[in-house]
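Student: Just to be clear, the model below is a prediction. Sequence and coordinates:
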Amino acid sequence: RKEVEQDPGPFNVPEGATVAFNCTYSNSASQSFFWYRQDCRKEPKLLMSVYSSGNEDGRFTAQLNRASQYISLLIRDSKLSDSATYLCGGSGGYNKLIFGAGTRLAVHP
Amino acid sequence: DGGITQSPKYLFRKEGQNVTLSCEQNLNHDAMYWYRQDPGQGLRLIYYSQIVNDFQKGDIAEGYSVSREKKESFPLTVTSAQKNPTAFYLCASSIPAGELFFGEGSRLTVL
């Protein structure tokens, strides 16, 4: 089983839709979790850190469920500019960060 | 401005040649990482270093080597033992347990 797993998508949604991504992790000792956004042929950029209490930044909400070992990302009111690949990452011990394969999102008019 | 610089951005290599990818950071981060990304795939960890003069293998270290002689620098050598080296290579740095900051990547193509 991979340490971090994501639904690869693609998720094709219309503008204005709400879309949710889930990511599961296998290492119960993982402490830090992050969502990154990656545009085509570019480096990943931090979208949000994920805290136990959940956190929100504008249209984006991230949540952590330690009991079920998953993290989620909710995007409300999708924009065309949200089209990208979303990577989740979790600490895999020794402070190394392990990533899932990424979920592709395509927002269409 | 603080950040991570990778070079070269594009690199072509003949089979059987070793190549070294440079990664420099001025963020004063202790930890540095190398990831490999193949088309349509996520990031796979090659090597990481938590402190100067120390590094650990990641999930796909075979055919690669690194050094960490200075805090700012973490070069990656892709050796001829790496059978399928064509990929996008990403270097990153962080504080312990913190988020990663990535360089712009180096795209290696084997001819």
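Tutor: Arrived safely, thanks for sending. Numbering: from 1, shown residues only, chains lettered A, B, ... in the order given.
Student: Return the residues of chain B in contact with chain A.
Tutor: For chain B, the contact set with chain A under Cβ under 8 Å from any Cβ of the partner chain comprises B:31, B:33, B:35, B:41-43, B:45, B:48, B:50, B:56, B:58-59, B:88, B:90, B:92, B:94, B:96-105. In this view, the C-beta of every residue, glycine as well, is placed from N, C-alpha and C.
Student: Report the beta-bridge partner residues of A:Leu64.
Tutor: A:Ile71 (DSSP bridges).
Student: any low-confidence regions in the chain?
Tutor: Since you didn't name a chain, this refers to chain A. A:1, A:92-95 (pLDDT under 70).
Student: if you could check chain B rather than the one you did, that'd help
Tutor: Using pLDDT under 70, chain B drops low at B:1.
Student: how about the strands in it?
Tutor: In chain B, the segments counted as strands under DSSP state E are B:4-7, B:10-13, B:19-25, B:31-37, B:43-51, B:54-57, B:64-66, B:76-78, B:87-94, B:101-102, B:106-110.
Student: helices or strands up against the longest one?
Tutor: Packing partners of strand B:43-51 (3 or more Cβ pairs under 8 Å, 6 or more residues apart in numbering or on different chains; DSSP states H and E): strand A:97-99, strand B:31-37, strand B:54-57, strand B:64-66.
Student: buried ones in it?
Tutor: B:43-50 (16 or more other Cβ atoms under 10 Å in any protein chain shown).
Student: residue contacts, the residue nearest the centre of chain B?
Tutor: Taking Cα atoms, centre = their mean, the centroid of chain B lies closest to B:Trp34, which sits 3.2 Å from it. Taking Cβ atoms under 8 Å, 6 or more residues apart in numbering or on different chains, we find B:Trp34 in contact with B:21, B:23, B:45-48, B:58, B:64, B:66, B:74, B:76, B:89-92.
Student: coming back round to it: what's the closest of the buried residues of strand B:43-51 to A:Lys96?
Tutor: B:Tyr48 (5.0 Å; Cβ to Cβ).
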